[in-house]
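Q: Just the structure for this:
(chains A and B)
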Protein chains: 2
Amino acid sequence: MSATSPLSVVDATALRDHLDGEYAHVRRRVRAKLVEHAGLLDEPAELSYHEHRRRVLELLRAVAASGDTGLGFPVEYGGGGDVGASVAAFETLAYGDLSLLVKAGVQFGLFGGAVLHLGTARHHEKYLRRLITAELLGCFAMTETGHGSNVQALRTTATYDHATREFVIDTPDEDARKDYIGNAGLHGRMAVVFAQLVVGGEPRGVHALLMSIRNADGNPVRGVRIEDCGPKLGLGGVDNGRLWFDGVRVPADALLDRYASIGEDGGYRSPIENPDRRFFTMLGTLVQGRVSVGGAALSASKLALTIAIRYGARRRQFGPPGAEHEVPVLDYLAHQRRLLPRLAKTYALHFAQGRLVSWLHEVFVASDAHDELDRRRLEAFAAGLKALSTWHATDTVQACREACGGAGYLSVNRFAALKADTDVFTTFEGDNTVLLQLVAKGMLTQYRDDFGRLDPLGLVRFVVGQAVETIVERTSAREIVERLRDAVPGGDDEAGLLDREYHLELLRWREEHVIGALARRLKRGVDAGDDPFEVFNSCQDHVLAAARVHVERLLLEDFDAGVRACADAPTAELLDTLCSLFALHTVELDRGWFQEHGRLSGERSKSITATVNELCRRLRPHAERLVDAFAIPEELLPPLVRG
Amino acid sequence: MSATSPLSVVDATALRDHLDGEYAHVRRRVRAKLVEHAGLLDEPAELSYHEHRRRVLELLRAVAASGDTGLGFPVEYGGGGDVGASVAAFETLAYGDLSLLVKAGVQFGLFGGAVLHLGTARHHEKYLRRLITAELLGCFAMTETGHGSNVQALRTTATYDHATREFVIDTPDEDARKDYIGNAGLHGRMAVVFAQLVVGGEPRGVHALLMSIRNADGNPVRGVRIEDCGPKLGLGGVDNGRLWFDGVRVPADALLDRYASIGEDGGYRSPIENPDRRFFTMLGTLVQGRVSVGGAALSASKLALTIAIRYGARRRQFGPPGAEHEVPVLDYLAHQRRLLPRLAKTYALHFAQGRLVSWLHEVFVASDAHDELDRRRLEAFAAGLKALSTWHATDTVQACREACGGAGYLSVNRFAALKADTDVFTTFEGDNTVLLQLVAKGMLTQYRDDFGRLDPLGLVRFVVGQAVETIVERTSAREIVERLRDAVPGGDDEAGLLDREYHLELLRWREEHVIGALARRLKRGVDAGDDPFEVFNSCQDHVLAAARVHVERLLLEDFDAGVRACADAPTAELLDTLCSLFALHTVELDRGWFQEHGRLSGERSKSITATVNELCRRLRPHAERLVDAFAIPEELLPPLVRG
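A: Next up is the predicted model:
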């Protein structure tokens, strides 16, 4: 490809079909459904949050009636038996009111997912059908006021009383109240409650129990106290609430007993002996929630970019004097710089999300083998992609709002709700910072079949004990070779800069180097006898960087695979150019690091910035087509930018 | 100062007094008033925007009755004759409901400021008293739907009819309707309308006219159509509206005639001959609006940091196993990295804002000399500081929300309103991107007494014609000297890295280099005969960078001056450390550039990152005291973090 030749105009339909991928039929169906309900999916700024909640409940029931929310459940309970399709449907639903989406996520993903994955046949038989149709509404009561990220430290207790064959559920103190629980504020009748199980006086760690929190009349059951969390930054249509338990007795079969049960003798049994491993296995089954949130964030970025890029192509401001018209603001380099690299990263995330969803489907549906190593890798990828995708959404929605100026500030143009509703994505379903540490841990342990505790000390002890030596050795050797080969890059011509192998090599080299250096730092600290917590803490920025560069490398590989899988030549060339923009902009953002490590010369670094500018210029004429391919229904776009 | 010695605990009152500076009495008074109204200043999430608007109007009148909103107006009309005090009051008011602040800004800053600065005695006599007390509510009708940043391209017309000695105001097309006009949706009775003046058939450029838009009964006057802009992303308590004019006749003295008037003969007169210069002079008088918005953004950052840092010191999560308690999240390096560099920049902006306000006061009150050069420099500094301060607020409020996790998402904890209300600060009172171009233009022209058009072509022609040679010569010479001296930095010891002179030198060198290189690029392009618009556009990222590094250098100088002005030794040492964090974090963020230009070695660059971490660790124990010094009334803080 020549660096300066203009790109051919591509067929928007072919591009859309390529993006829609294997679940194109699901995406098309949900799009049509969104159009049907478009009148109820617009900006709810005129509604009080009480009215908004009512409307969302009504919509939830309408959507459930259509069957799309049950796609991920087994066919024998009225579901679709297709996990991949269910995530694709969820992603598409995210173009509408995100309160509806999150309420659906709580009901079918978290509540339904916990019953499905942590429960056994008796729970499935009894609840899944009514749950899938939204007849039975429920909550996922994990988080406590004092315990958000550190789930193992939850303090709600479930004490087994063998005399009555019941569990007694208690909230020991204010910090242990369940907090921010979706569906708990108003509508939830049942809840999956996470609590420290105590059997025969012995603590057994966090387990999940399915119990009623409200009677048929909507009042709390005896011993349960419920409080509405009140207004929030966004997601006004979701009724978050707080729960307290005071000696609430539930039958023994309330325990979701796939991974632990109470025997006839009142003794505790589990197929997984190691309590940490049991805990992480239980949590691991809930990975679909993270995959779904990452996908929803991606949809939010697509929506924001569709609005901002169309607006940028229409909005004119300033320009050469004497010219008949002012210039479309998207013709300005600074405007392109704001939007096009974010568009490129959105495409990268799209292809990575596609692979993640297929993998999820494979693990949970298509494959019978329960390969634990593969599951851990899936979980780590889901965690990393969720973090990068949700931060990208926050950043992109903001950039797009600013790019639309005053128009972006009016609620009718959708940024108000988009900003507010997606904001918490970086926090819920795992705080991003904590998730990246999980990813880094996975890298350090090389996904070995072992489960250290998530706490910092455990991490340090573990990696020093088992994984560091290998990493240090491997990366040191590789580094020396690379450094010799590339310390002085082989010329500053733009053609070389557009070589995909060069991009991949840069990001792979960075990843190896960052993880190797991190392992060495951790080892050095612990070998020197320093306090392991201090050792970990002094490297925490390095830990987060390791996770980030790892996920960025995966993004580039997935984008590249997406380009290569495209059969239509002009479309592939366009995608290839966009992929180069993603790669070089990623390198540009970290060019301080690349120079520090002798991997880029100053001149080469400057050339990369110049090439990013050039790629923006070259992609500008195709920007609208690239967002049109997201195929967001016109009815959901603000009138200002409709086609 | 030793790099590792712990800092002394300072007296929070001394620090507060140092920050409060010369307008301490005003700040104290407004704080007391905020406490008085605290019940009405909290999160309005439970209110409809209709109710919110009513409440804000009521509060506006209450605040006006106190006299603080008239501080900037002349004493003879019931004002306080103290521009500096009026901005200090405004900044402090920003700790409350920002809808009230913005409504006050529209009424007293924009509407009142236009009457004061663009009008003459007859306007002052007739309106200022009633305006200051909020008896007469007004709007500032500049922006049109199609013309936001490019004010010179406005299309509303004011055609002089000498027969009746009237102006006829018209909206020629939909793009020319006045849009997003604060106070126009409901409450404004009058408006300062910006329109293309046509006198004797000849266009005279944009001028301001003061006219009624509503009758006493609240209905639009004949020929004026008004529409409510409807719900917005934030600032729900401000009634923005749209205005159309259809042959509205206003008397000749509606023209705010300080810089242009109609003679008895019906001819146009102005003391400023050059129309561009006249236009920019008129606009320049409105600089207080930008200074005020920058100050309000700064207050928002202070509020967000106060909440997040106090929360981070109380919230515990994870920690060494076996330890009695989990660790306060602010003890984690990643959490410190999120909050402390932003705190340091907030302090830098605080001191810079203090200097800007004093300068504004000097130019508009204390000094009689109308030194145009000084005014242009003031305007450029106000533009640059507004851009950096408002972007900083958007970034900081977001980071603080995320740092508070789920708690940050509840409206009661104030981030909901803070995020939404400050969002548009980056757009209104001058879009930040456009403002930075204004700053860059000022740098290129070296503030020579000349006014090119703001459009890109004019900029390029102008700088090539007049200013570039000097810049190119000066920076080239200086660069060579510097490069010889510093290409290999004199050692990587931390002590050298904490040397303020070293920080200043780095930021000054960067500024000289960036502006010099920009001037060379522009000159090269134009010399080569390239299309000037393309020349400008291909450098636009460079133009914006030039402005940013210029303002960052000023921030460091102002912070440094603020440290040196502090008499109390332990307080000065704490501030000095915080200033080093600001300086080194600023360099760290741009370390790609510094390495590209041979100004930092890779090793030195890595040391800077390590030193930023070390400074965070050292400042951690003082973080709460550093936000306590902002002295935000406890009554305005969420219960969760009250003292």
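
Q: quick one, strands of the stretch 401-550 of chain A?
A: Ranges of strands in the stretch 401-550 of chain A, per DSSP state E, counting those that start in this stretch: none exist.

Q: and it, which of its residues are near chain B?
A: A:401-402, A:405-406, A:408-412, A:415-416, A:419-420, A:423-424, A:426-428, A:431-433, A:453-458, A:532-533, A:537-541, A:544 (CB under 8 Å from any CB of the partner chain). (Each C-beta comes from the backbone N, C-alpha and C, glycine too.)

Q: Cross-reference those with the helices and report the matches.
A: A:401-402, A:405-406, A:408-409, A:415-416, A:419-420, A:432-433, A:456-458, A:532-533, A:537-538, A:540-541, A:544 (DSSP state H).

Q: ok but residue A:625 is inside a strand, no?
A: No. With DSSP: H, G, I helix; E, B strand; the rest coil as the criterion, residue A:625 is helix rather than part of a strand.

Q: and it, how many neighbours does it have?
A: Using other CB atoms under 10 Å in any protein chain shown, residue A:625 has 17 other residues around it.

Q: With residue A:65 instead?
A: Neighbours around residue A:65, by other CB under 10 Å: 11.

Q: Quickly note the distance from the closest residue to residue A:65 other than its chain neighbours to residue A:26.
A: Nearest residue to residue A:65 in three dimensions, chain neighbours excluded: residue A:133, at 7.2 Å (CB to CB, 6 or more residues apart in numbering or on different chains). Relative to residue A:26, residue A:133 is positioned 19 Å away (criterion: CB to CB, to the nearest Å).

Q: quick one: which of those two has more around it?
A: Ranked by neighbour count (other CB under 10 Å), residue A:133 and residue A:26 place residue A:26 first, with 23 against 15.

Q: Give me the three-state assignment for that one.
A: With three-state DSSP as the basis, residue A:26 sits in helix.

Q: how close does residue A:259 get to chain B?
A: In this structure, residue A:259 and chain B are 23 Å apart, going by CB to the nearest CB, to the nearest Å.

Q: I figured residue A:626 hits residue A:577, correct?
A: No. Using CB atoms under 8 Å, residue A:626 is not in contact with residue A:577; the gap is 10.2 Å.

Q: tell me, what's touching the two both at once?
A: Common contacts of residue A:626 and residue A:577, defined by CB atoms under 8 Å, 6 or more residues apart in numbering or on different chains, comprise residue A:619.

Q: and the two? which has more neighbours close in?
A: Taking other CB under 10 Å, residue A:626 and residue A:577 do not tie; residue A:626 has more neighbours (24 against 19).

Q: and the residue nearest to the more buried one when sequence neighbours are not counted, what helix or strand is that in?
A: Among residues not flanking residue A:626 along the chain, residue A:343 sits closest, at 6.1 Å (CB to CB, 6+ apart). Here residue A:343 sits within helix A:333-361, counting by DSSP states H and E.

Q: related to what we said a few turns ago, ChimeraX command to pick out the buried ones of the ones in helices among the residues of the stretch 401-550 of chain A next to chain B?
A: To isolate the buried members of these in ChimeraX, using 16 or more other CB atoms under 10 Å in any protein chain shown:
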select /A:401,402,405,406,408,409,415,416,419,420,432,433,456,457,458,532,533,537,538,540,541,544
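
Q: So, low pLDDT: which residues of the stretch 201-350 of chain A?
A: For the stretch 201-350 of chain A, the stretches with pLDDT under 70 are A:321.

Q: count of residues packed around residue A:238?
A: 30.

Q: Go ahead and confirm it touches residue A:101.
A: No. Taking contacts as CB under 8 Å, residue A:238 lies outside contact range of residue A:101: 9.4 Å.

Q: Show me chain A divided up by domain.
A: A:12-137, A:139-274, A:287-628 (automatic domain parsing).

Q: mean pLDDT for these: which is lowest?
A: Here those differ in mean pLDDT, and the lowest is domain A:287-628 at a mean of 88.

Q: Report the separation between the two terminal residues of that domain.
A: 31 Å (CA to CA, to the nearest Å).

Q: again with stretch A:178-194
A: Span of stretch A:178-194 from end to end, CA to CA: 9 Å.

Q: Is it in proximity to chain B?
A: Yes. Stretch A:178-194 is in contact with chain B by CB under 8 Å from any CB, via A:179-180.

Q: so how far is stretch A:149-164 from its chain's centroid?
A: Distance of stretch A:149-164 from its chain centroid, counting by CA atoms, centre = their mean, to the nearest Å, is 29 Å.

Q: Quickly note the distance from residue A:588 to chain B.
A: 8 Å.

Q: which of the residues in the helix or strand where that residue lies are buried?
A: In the assignment (DSSP H and E), residue A:588 maps to helix A:569-589. Across helix A:569-589, burial judged by 16+ other CB under 10 Å covers A:571-588.

Q: who does the strand or helix carrying residue A:196 pair up with?
A: Assigned by DSSP H and E, residue A:196 falls within strand A:190-199. Within its sheet, strand A:190-199 is paired with strand A:138-141 (parallel), strand A:157-161 (parallel), strand A:202-212 (antiparallel), according to DSSP bridges.

Q: what are the ranges of the strands in the stretch 201-350 of chain A?
A: Using DSSP E, counting those that start in this stretch, the strands of the stretch 201-350 of chain A run over A:202-212, A:224-228, A:241-251, A:261-262, A:268-269.

Q: Which of these sits closest to residue B:356?
A: Ranking those by proximity to residue B:356 (CB to CB) places strand A:224-228 first, at 44.7 Å.

Q: Tell me the buried residues in the closest one?
A: Under the neighbour-count criterion of 16+ other CB under 10 Å, strand A:224-228 has A:224, A:226 buried.

Q: How many neighbouring residues does residue A:553 have?
A: 20.

Q: OK, contacts around the nearest residue to it once chain neighbours are set aside?
A: Distances taken as CB to CB, 6+ apart place residue A:507 nearest to residue A:553, at 4.3 Å, with adjacent residues excluded. Residues counted as contacts of residue A:507 (CB under 8 Å, 6+ apart) are A:549, A:552-553, A:556, A:583, A:586-587.

Q: 10 Å - rerun?
A: Contact analysis of residue A:507 by CB atoms under 10 Å, 6 or more residues apart in numbering or on different chains lists A:549-550, A:552-557, A:583, A:586-587, A:590.

Q: ends of stretch A:561-578, how far apart?
A: 13 Å.

Q: Stretch A:140-153: how far from the chain's middle?
A: 19 Å.
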